[in-house]
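Asks: Next comes the sequence, and after it the predicted model I'd like to discuss.
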Amino acid sequence: MPEIKGLISTIQKYSLKDGPGIRSTVFLIGCNLNCKWCSNPELNRFGTKVMYFDMRCKQCGACVSVAADNSIGISEGSCRIDRKKLTNLEECADICPYEAYEKVGCEITSTELYKKLKRDQVFYTTSGGGVTFSGGEPGLQDEFVYESAKLLRADGIHVAFDTAGLLNRAILEKILKEVDLVLYDIKAFNSYIHKKLTGADNRLILENAKLISEKEIPIIFRMVIVPQLNDNIEDIRLRLEFIRNLGGAVKQVDILKYHKLGSGKYKRLGLKYQLNDIPWCKDSFIDHIKEMAIDYGLNVTIDG
């Protein structure tokens, strides 16, 4: 039987933000949420993507000559791409002599991935780190994640699973068998707010958080705070209260300040970034949330 392959975008080495110690973070493609503030739009839909970097482009016309249906033209010092008409973008990327196009996504087997990740085992061991499966939503490629994690843990490598929790219970339970730590996103507590901001109800997400805590698997919760979207102080209080009530499995709460670092990716993918007018988080407000978390007896950090 052929080995299951996963579709990943990148392996980020020497990460210090996706769990304890020095880690390799594997970003998997595909997500079942549509968060308005997503900083990794290239990971949203399943399948390979192509980014266009106008600063690398020399307007040589190579891509124009092969683009289907006259869907690429040159104007104002860069290429204008009609992605609705263009059916052979990868071919255009291949022919570019200046690497103005960049493919996102490659298939890899669990064994191939394990061998790549094992090369940095000395860094994991000496720092108390390991490997983190992130995305996108890595749970959508559950068989691949499970098999890869199983190989890693058999070799003594710590495995973290970064998820938004919108997963079938049986799928989640299987993945959890080969996981040492879960990084869990709580984007909103109110179901209406959650659906408005992500496109999905959060009842299953909250139920799965309880499931993980009942299995006594360590959890680090992550709360991104986006001004004007999910910064309602009562909803934040309910999130913290919910986390506190999960008990000893909760090791930490990371408060993540909204940023626009991923906005350039939207342009490279031919997408519109919708939150340009959203302001930055005020430090005083983030500090207030931290104080609230401490009052609930939670260990809390601020990132960003």
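Replies: Cool, got the structure.

Asks: So the closest residue to residue 30 other than its chain neighbours: helix, strand or coil?
Replies: In this structure, residue 30 finds its nearest non-sequential neighbour in residue 46, 3.9 Å apart by Cβ to Cβ, 6 or more residues apart in numbering. The way it works is simple: take the backbone N, C-alpha and C, and place the C-beta from them, glycine included. Assigned state for residue 46: coil (three-state reduction, DSSP: H, G, I helix; E, B strand; the rest coil).

Asks: could you list every residue that touches residue 46?
Replies: 7, 29-30, 140 (Cβ atoms under 8 Å, 6 or more residues apart in numbering).

Asks: Name the residues of stretch 69-79 that come out as buried.
Replies: By neighbour count on 16 or more other Cβ atoms under 10 Å, the buried set for stretch 69-79 is 71-72, 79.

Asks: Out of these, the closest to residue 199 would be?
Replies: The closest of those to residue 199 turns out to be residue 71 (Cβ to Cβ; 28.8 Å).

Asks: Pairing partners for the helix or strand that contains residue 159, with directions?
Replies: Per DSSP states H and E: residue 159 is located in strand 158-163. Here strand 158-163 has these sheet partners by DSSP bridges: strand 130-134 (parallel), strand 181-185 (parallel).

Asks: and the next helix or strand after that strand, which residues are buried?
Replies: Next in sequence after strand 158-163, counting helices and strands by DSSP H and E, comes helix 169-176. For helix 169-176, the neighbour count (16+ other Cβ under 10 Å) marks 171-172, 174-176 as buried.

Asks: what about stretch 169-183, how long is it end to end?
Replies: Distance between the boundary residues of stretch 169-183 (Cα to Cα, to the nearest Å) amounts to 17 Å.

Asks: what about this protein, any weak spots by pLDDT?
Replies: Applying pLDDT under 70 to the chain flags the ranges 1, 304.

Asks: Who are the contact partners of the most far-flung residue of it relative to its centre?
Replies: Most distant residue from the mean C-alpha position of the chain: residue 65, 35.6 Å away (Cα atoms, centre = their mean). Residue 65 sits next to residue 95 when contact means Cβ under 8 Å, 6+ apart.

Asks: Now do the SS call for it.
Replies: What three-state DSSP gives for residue 65 is helix.

Asks: let's number from 555 now, not from 1
Replies: All set: I'll call the first residue 555, so the last point we hit is now residue 619.

Asks: ok, what's across the strand from the residue nearest to residue 563 when sequence neighbours are not counted?
Replies: Spatial nearest neighbour of residue 563, excluding adjacent residues (Cβ to Cβ, 6+ apart): residue 581 at 4.7 Å. Applying DSSP bridges to residue 581 yields these beta-bridge partners: residue 564, residue 688.

Asks: looking at it, residue 581 is touching residue 689, isn't it?
Replies: Yes - contact criterion Cβ atoms under 8 Å: residue 581 and residue 689 qualify, at 6.1 Å.

Asks: Now the common contact residues for the two.
Replies: By Cβ under 8 Å, 6+ apart, the residues touching both residue 581 and residue 689 are 594, 597.

Asks: out of the two, which sits in the more crowded spot?
Replies: Neighbour count, other Cβ atoms under 10 Å: between residue 581 and residue 689, residue 689 has more, with 24 against 21.

Asks: Now do the contacts for the more buried one.
Replies: Taking Cβ under 8 Å, 6+ apart as the definition, contacts of residue 689 comprise 581-585, 594, 597, 716.
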